[in-house]
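A.B. asks: here is my input, please return the structure:
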Amino acid sequence: MTALGSTAATPGEETARAADIVERFLIASMVPDPETAARYISPELKITFTGGRKYGHPSETAAFNARRYRWVKKKMERTDVVPGSGETIVYNLGTLYGEWPDGTPFEGNRYVDRFVVRGGKIVQMDVWNDSAERLLTRNGIDA
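C.D. replies: Reported below is the predicted structural model:
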């Protein structure tokens with residue numbers, strides 16, 4: 001109990017809550033259902049996608065993915081949570097699978113998503129994956 005009589009979440013509860021928020025956001029994003037995903041974000045959300053692309057809402061990242069892939073899903077393999085002072089950092093790691101725009105299937109495309117969660121909302125998301133490397137290889141470029 002705090003001095004005002006309300007209960008505060010323990011650090012373990014905060015980290016579990018942050019991980020749950022991120023996983024729910026990612027599940028909604030994979031549908032894609034940007035409006036449901038938006039339930040978990042702050043109005044000040046800053047998203048940086050691969051290549052340094054900047055977005056502010058899940059609908060923008062869904063539109064980007066619709067151009068990059070015919071469809072794409074995540075095989076979430078692990079979630080690592082780092083508690084902080086006033087915020088929690090959540091890393092979600094796994095692989096992407098789906099189809100390129102021409103219908104060619106792919107799987108095993110590694111990704112790392114990093115989130116900052118404050119006050120029960122996602123305020124920042126950074127995305128990295130191997131899609132660019134896979135496209136280079138697919139086009140015969142070994143760079």
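
A.B. asks: what's the single longest helix in the protein?
C.D. replies: helix 11-30 (DSSP state H).

A.B. asks: now the strands for this structure?
C.D. replies: In the chain, the segments counted as strands under DSSP state E are 41-48, 54-55, 71-83, 88-99, 105-118, 121-129.

A.B. asks: same list (these) but as TSV, adding mean pLDDT.
C.D. replies: Compiled in TSV, those are given as follows (pLDDT from 0 to 100):
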stretch	mean pLDDT
strand 41-48	97
strand 54-55	98
strand 71-83	96
strand 88-99	98
strand 105-118	97
strand 121-129	97
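
A.B. asks: mind putting those strands into CSV with mean neighbour count?
C.D. replies: Any C-beta I mention is one placed from the backbone N, CA and C, and that applies to glycine too. Putting the strands of the chain into CSV (neighbours: other CB atoms under 10 Å) gives the following:
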stretch, mean neighbour count
strand 41-48, 16
strand 54-55, 14
strand 71-83, 15
strand 88-99, 18
strand 105-118, 18
strand 121-129, 19
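
A.B. asks: turn those into JSON lines, columns for distance to Thr137.
C.D. replies: Listed next are the strands of the chain as JSON lines, based on distance: least, CB to CB, whole Å:
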{"stretch": "strand 41-48", "distance to Thr137": "24"}
{"stretch": "strand 54-55", "distance to Thr137": "27"}
{"stretch": "strand 71-83", "distance to Thr137": "18"}
{"stretch": "strand 88-99", "distance to Thr137": "15"}
{"stretch": "strand 105-118", "distance to Thr137": "11"}
{"stretch": "strand 121-129", "distance to Thr137": "14"}
